[in-house]
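**Q** Turn this into a structure:
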Amino acid sequence: MSNDIAANRSGLKDFLASIATISGDLSNITAPPFVLAENSTVEIPQYWADHPYLWAAPALEEDPEKRALLVLKNFLGSLRGQQYAGRKEEDGVKKPLNAFLGELFLGSWSTEELGETRLVSEQVGHHPPVTACYLWNDQVGIRAEGFTEQEITFSGNVSIKQKGYAIVHVDKYDEDYLLPLPNIKVKGLLGGVPHPELYGEYSLISSNGYISHIKFEGKSFFGSGHKNGFEARFFHADRPDETIYTIEGAWNSTFTIKDARNDSEVETFDVRTIKHKPMTVPDLSEQDPWESRKAWGDVISSLHKGDMKGATTAKNAVENGQRQMRKDEEAKGEEFKHVFFDKVPNDPIFDKLVKHDPQAYTIDPSGGIWKVDKQAAEQRQRPFHGDLTPSNQRVAHKQGQPQEGRRSINGQDQDSGGTAGAVGSAKSSNGYAPDAPVQNGAPKPVGDATPRDEKRPDSAVGSKGDSRRQSSNAIEVTDEMVENFLRAKTSNLRV
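**A** Next up is the predicted model:
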């Protein structure tokens, strides 16, 4: 390991020094492999619903006030998983792999009580980077779709501004809930153990009139506030001055819900006790070349072994292939064809709900608004891009063997009579046990879900050409910073 630290010291020092002098968008910066996570950004949406009972709880609640509160509870309960991407908190965060245009992630969760919850996630933009996702459970009648564009800047901390939104729909009551995507600061990068801090004020807005105004504060540079702290106020749009519930605590540990009408405690919820249901994904041999884990398989394998040279070589093969693909498309006057999502000029549901708090949401016209093609999500079959691979190679299917492209996403093999497809015969992605079932009705605690165990300022948006300007506040990176960072990061690699 000492050789790894010595070999990586210069590369990390150069990387940190270079981003310290850039004030523009860093979202497509290529990070050295020893600071990379073993997953891509297209996998992040799975953490919205890797606790299926809590996610589905609003669809099982008859009271509209409690339904809206349950959506808020799941939103807050999912933040820890999203920010750490399934990693242990003490290990800090790593930079996910930059998803390439067209990268896909498909999976599902199944329980006896709820049936199947399914996910499709696709990288629909690269400049700027935009990820779109769709989650749905037909048996319970709840679904969610959304998209996010990230812009990243660096000034001692990494600041990530998220543009986009998510909408949760409850079929039975024909209700929509507009969910924000909080901005992030990654602190402690130069100290060696980076951790996320959410910041800003947002509103979670429902079509039944209930609104939650949320303020993420965190701990300031001067020591005020609490790490990962937030406070929220729940009220109805018709009576905005009458607080119904208050919620306060930390999104990565515990928060308390109180009924403001009688000053009684409804519930103290510990997000660390949520049991996460293992997601099922197809075996690598059954995945399409455009599915994330297959596409980045050689990179992930090299990271597991601590083989930084191998990770770099494998990563370059995909990225160089993508660059050539864009050149080929431009030469032919063609555009890349997306699989599951379409770019639309507007979203009537968003336009209606956002009127209650337009300052809480940001949409970048260049990134666009993305909506799912539900028929494609249900029926589209492999291969998703014919014989073309993400590295811009052509592959031929062997004669006499079933083609991967014939397997349907809903698990039916059109050629071989029922062989599991994209979310069928799959393996678990982690070893967690499921959370406990939700029962109908909503006595305390809320939801009856028993828990068990990168960016630039707004002024830079829309600028043309290379917006990465040299900053006068460059930070000098010392050997001690590099040593601490490398030891913290490389110690997490499995050999």
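**Q** just for the stretch 1-150 of the chain, where's the confidence low?
**A** Residue ranges of the stretch 1-150 of the chain with pLDDT under 70: 1-37, 86-93.
**Q** so where do the strands sit in it?
**A** With strands called from DSSP state E, counting those that start in this stretch, the stretch 1-150 of the chain shows them at 36-40, 95-97, 104-111, 115-126, 129-137, 142-154.
**Q** Ok, which of those strands comes nearest residue 65?
**A** With C-beta to C-beta as the criterion, residue 65 lies closest to strand 142-154 of those, at 17.6 Å. Bear in mind the C-beta positions are built from the backbone N, C-alpha and C, glycine included.
**Q** Paired strands for the helix or strand that the closest one is followed by, with orientation please.
**A** Downstream of strand 142-154, the next assigned helix or strand under DSSP states H and E is strand 158-170. Strand 158-170 has its sheet partners listed here by DSSP bridges as strand 142-154 (antiparallel), strand 175-179 (antiparallel), strand 183-187 (antiparallel).
**Q** Reformat those strands as TSV; add mean neighbour count.
**A** Below are the strands paired with strand 158-170 laid out as TSV (neighbours: other C-beta atoms under 10 Å):
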stretch	mean neighbour count
strand 142-154	24
strand 175-179	23
strand 183-187	20
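**Q** can you tell which of these is closest to residue 76?
**A** strand 175-179 (10.8 Å).
**Q** ok, and for the longest helix seen in the chain, which residues are buried?
**A** Taking DSSP state H as the criterion, the chain has its longest helix at helix 308-332. For helix 308-332, the neighbour count (16 or more other C-beta atoms under 10 Å) marks 308, 310, 311, 312, 314, 315, 317, 318, 319, 321, 322, 325 as buried.
**Q** Same question for stretch 250-260.
**A** Under 16+ other C-beta under 10 Å, the buried positions of stretch 250-260 are 250, 251, 252, 253, 255, 257, 258.
**Q** Give me the contact list for that stretch.
**A** Here stretch 250-260 makes contact (C-beta atoms under 8 Å, 6 or more residues apart in numbering) with 69, 73, 76, 79-80, 83, 89, 198, 216, 226-230, 243-249, 264-272, 446.
**Q** swap the cut-off to 6 Å and go again
**A** 76, 79-80, 228-230, 243, 245-249, 265-270 (C-beta atoms under 6 Å, 6 or more residues apart in numbering).
**Q** End to end on it, go ahead and measure it.
**A** 19 Å (C-alpha to C-alpha, to the nearest Å).
**Q** same question, stretch 215-229
**A** 9 Å.
**Q** let's have the chain start at 891 instead
**A** That works, and once the first residue is 891, the last one we named lands at stretch 1105-1119.
**Q** what's the average pLDDT for that stretch?
**A** For stretch 1105-1119, mean pLDDT is 73.
**Q** Same question for stretch 1159-1173.
**A** For stretch 1159-1173, mean pLDDT is 91.
**Q** Could I get the buried residues of helix 1198-1222 in CSV, plus columns for distance to residue 1039?
**A** Shown next, in CSV, are these (distance: C-beta to C-beta, whole Å):
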residue, distance to residue 1039
1198, 30
1200, 31
1201, 26
1202, 27
1204, 27
1205, 22
1207, 26
1208, 21
1209, 20
1211, 23
1212, 18
1215, 21
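**Q** would you list every one of the helices in the protein?
**A** Under DSSP H, the chain gives helices at 892-910, 942-946, 954-974, 1182-1185, 1187-1195, 1198-1222, 1238-1243, 1264-1269, 1369-1380.
**Q** Which of these sits closest to residue 1077?
**A** Of the helices of the chain, nearest to residue 1077 by C-beta to C-beta is helix 954-974, at 12.0 Å.
**Q** now the angle from that closest one to strand 1048-1060?
**A** Angle between the axes of helix 954-974 and strand 1048-1060 is 150 degrees (criterion: axes from the mean of the first three to the mean of the last three C-alpha atoms, to 10 degrees).
**Q** packing partners for helix 954-974?
**A** On a contact count with 3 or more C-beta pairs under 6 Å, 6 or more residues apart in numbering; DSSP states H and E, helix 954-974 meets helix 942-946, strand 1085-1096.
**Q** Could you list the residues in contact with it?
**A** 934, 937-938, 944-945, 947-948, 951, 1058, 1067, 1069, 1086, 1094, 1096, 1098, 1100, 1102, 1141-1142, 1161, 1332, 1336-1337.
**Q** and the angle from that helix to strand 1085-1096?
**A** 160 degrees.
**Q** Just the CA coordinates for helix 954-974, please, in CSV.
**A** Provided in CSV are the C-alpha atoms of helix 954-974 (Å, rounded to 0.1, in the frame of the first residue of the first chain):
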residue,chain,number,x,y,z
PRO,A,954,-54.6,13.1,2.8
GLU,A,955,-52.8,15.0,5.6
LYS,A,956,-50.9,11.8,6.6
ARG,A,957,-50.2,10.9,3.0
ALA,A,958,-48.4,14.1,2.5
LEU,A,959,-46.5,13.7,5.7
LEU,A,960,-45.5,10.2,4.6
VAL,A,961,-44.1,11.5,1.4
LEU,A,962,-42.0,14.0,3.4
LYS,A,963,-40.9,11.3,5.7
ASN,A,964,-39.7,9.1,2.9
PHE,A,965,-38.0,12.1,1.2
LEU,A,966,-36.0,12.8,4.4
GLY,A,967,-35.4,9.1,5.1
SER,A,968,-33.8,8.6,1.7
LEU,A,969,-31.3,11.5,1.8
ARG,A,970,-28.6,9.5,3.7
GLY,A,971,-28.6,6.7,1.2
GLN,A,972,-28.5,9.1,-1.8
GLN,A,973,-25.6,11.1,-0.4
TYR,A,974,-23.4,8.2,0.7
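**Q** buried stuff in it?
**A** Across helix 954-974, burial judged by 16+ other C-beta under 10 Å covers 954-974.
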